[in-house]
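A.B. asks: sequence first, predicted model second:
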Amino acid sequence: MSIWDTVPGHAEVVAQLQGAARQPVHAYLLVGPPGAGARAAATAFAAALVCEHGGCGECRDCVRVLADSHPDVLRWEPEGAAISVEQVRDEIVPMAFGSPVESARRVVILGDLHRADRQAPMLLKTIEEPPATTVFVILADIVIPELVTIASRCVRLDVPPLPVDVVADLLQREGVDATKARDVATASLGDLDRAHVLLADPALGQRREAWWMVPQRLDGTGATVAAVVDELRSRIEAAAEPLKEVQTAELAELERWVKENGERGSGRRDLVAKHRRQARRHRAEELRFGLATLSARYRDALHDGTGPGAGDVIRAVASIDAASEALTRNPSETLLLHALMLGLPAV
Ligand SMILES: [Zn+2]
């Protein structure tokens, strides 16, 4: 067992981080779409930085990093759509400038940096100035133009989605049968966590079918687009039920704790923030999956000659890709889907 076992399928990224852990510099930037594995890689790297054995996966340090309770591994994730001046000044800066408590280093993991467009200069200063004992591990879905300078001060590693074959293989090793492993891997968009959620999700096939059928339903009218978008959104809503159940149970557990111990130290704020983040990520992943299905439908139509002409298909696929990319900026979901579907050709 080693801490790197928690980052399956990313041999290249793991090799680079193992090397980096032996002689770390002040900042690393892990770039990859949500769920591709950048978070797991950041956690394993943080453990390797504070573990005396370079990330054994078994000592008290490693175990606490995995449980998110190590005093020298601090995590910060934005709650709202953007990162504010106050958040940088009052939350990130104090994290960065504190000294390690138990280990030789303090690791600060910053999530979702692509939402820090306006605070980038202030963050740049923070990342460049802290004590030599601080190592930043920064996560971003993409490098937006405002972040190019920050990125240039970090060692950058790309964490791409896992290939479908790799996800299918990992699932099969867990005992999932080959056909199901393949279906789920395709719908997982290279995200192993999402693959595990989908394994327990009987409505996955229906959601895939609903997106696949969209081009057949389009007739160029706004009324049809509105009806299609409404239906897709309520399917996405329903798909969030299992996640909501887990969250409700976690909240009930917290209420029990508060009843006995009081509100102080309950971690309510963190839990609520985590739930919001999970819900947002879930929706974004469902939309990305739907858009990928839609894109596959058009490419399929091009092959079997049932669809619009090649030029129309290329334009359709490009606008679907652009919509998928725009999701990282937290747009209005309804407006985004309406605008996209009004411009798509029928099949
Ligand atoms: Zn260890």
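C.D. replies: That came through, no problem. Numbering: from 1, shown residues only.
A.B. asks: point out where the stretch 51-200 of the chain drops to low pLDDT.
C.D. replies: Where the stretch 51-200 of the chain drops to pLDDT under 70, the residues are 80-81.
A.B. asks: who does the strand ranked longest in the chain touch, helix- and strand-wise?
C.D. replies: Using DSSP state E, we find that the single longest strand of the chain is strand 134-140. The contact analysis (3 or more CB pairs under 8 Å, 6 or more residues apart in numbering; DSSP states H and E) places strand 134-140 against strand 27-31, helix 38-50, helix 93-97, strand 106-110. (C-beta placed from N, C-alpha, C; glycine too.)
A.B. asks: tell me, how many residues neighbour residue 162?
C.D. replies: Using other CB atoms under 10 Å, the number of residues around residue 162 comes to 24.
A.B. asks: residue contacts, it?
C.D. replies: 9-10, 36-37, 170, 190-192 (CB atoms under 8 Å, 6 or more residues apart in numbering).
A.B. asks: over to residue 345?
C.D. replies: 215, 218, 307-308, 312-313, 316.
A.B. asks: on that earlier part again, which outside residues touch the longest strand of the chain?
C.D. replies: Residues beyond strand 134-140 that count as contacts (CB under 8 Å, 6+ apart) turn out to be 24-31, 38-39, 42, 45-46, 49, 96-97, 105-114, 127, 130, 147, 150, 154.
A.B. asks: partners of that strand, with directions?
C.D. replies: strand 27-31 (parallel), strand 106-110 (parallel) (DSSP bridges).
A.B. asks: winner for burial among those?
C.D. replies: strand 106-110 (a mean of 26; mean count of other CB atoms under 10 Å).
A.B. asks: any chance of the contacts of residue 162 in JSON lines, with distance to residue 246 too?
C.D. replies: Conversion of the contacts of residue 162 to JSON lines gives the following (distance: CB to CB, whole Å):
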{"residue": "9", "distance to residue 246": "24"}
{"residue": "10", "distance to residue 246": "26"}
{"residue": "36", "distance to residue 246": "22"}
{"residue": "37", "distance to residue 246": "21"}
{"residue": "170", "distance to residue 246": "22"}
{"residue": "190", "distance to residue 246": "23"}
{"residue": "191", "distance to residue 246": "17"}
{"residue": "192", "distance to residue 246": "18"}
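A.B. asks: these: which ones sit near the ion?
C.D. replies: Among the contacts of residue 162, not one lies near the ion by CB under 5 Å from the ion.
A.B. asks: show me the one of the helices and strands packed on strand 134-140 that comes nearest the ion.
C.D. replies: Smallest distance to the ion across the helices and strands packed on strand 134-140 (CB to the ion): 6.3 Å, for helix 38-50.
A.B. asks: returning to what we had before: distance to residue 86 for the helices and strands packed on strand 134-140 - can I get that in CSV?
C.D. replies: Compiled in CSV, those are given as follows (distance: least, CB to CB, whole Å):
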stretch, distance to residue 86
strand 27-31, 22
helix 38-50, 24
helix 93-97, 11
strand 106-110, 16
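A.B. asks: what about the residue of the stretch 101-250 of the chain found nearest the ion, neighbour count?
C.D. replies: Nearest residue of the stretch 101-250 of the chain to the ion, counting by CB to the ion: residue 103, 10.6 Å away. Residue 103 is flanked by 18 other residues according to other CB under 10 Å.
A.B. asks: check residue 219 too.
C.D. replies: So residue 219, with other CB under 10 Å, has 9 neighbours.
A.B. asks: equivalent analysis for residue 152, please.
C.D. replies: With other CB under 10 Å as criterion, residue 152 counts 11.
A.B. asks: which parts of the stretch 101-250 of the chain sit against the ion?
C.D. replies: So the stretch 101-250 of the chain never meets the ion (CB under 5 Å from the ion).
A.B. asks: quick one, helices of the stretch 101-250 of the chain?
C.D. replies: Assigned helices in the stretch 101-250 of the chain, in chain order: 120-128, 148-152, 164-173, 178-187, 192-199, 204-217, 222-239, 241-261 (criterion: DSSP state H, counting those that start in this stretch).
A.B. asks: buried stuff in the second one?
C.D. replies: Yep, that's helix 148-152 we're talking about. By neighbour count with 16 or more other CB atoms under 10 Å, helix 148-152 contains the buried residues 150-151.
A.B. asks: same thing with stretch 173-186?
C.D. replies: Result for stretch 173-186 [16+ other CB under 10 Å]: buried residues 176, 181-186.
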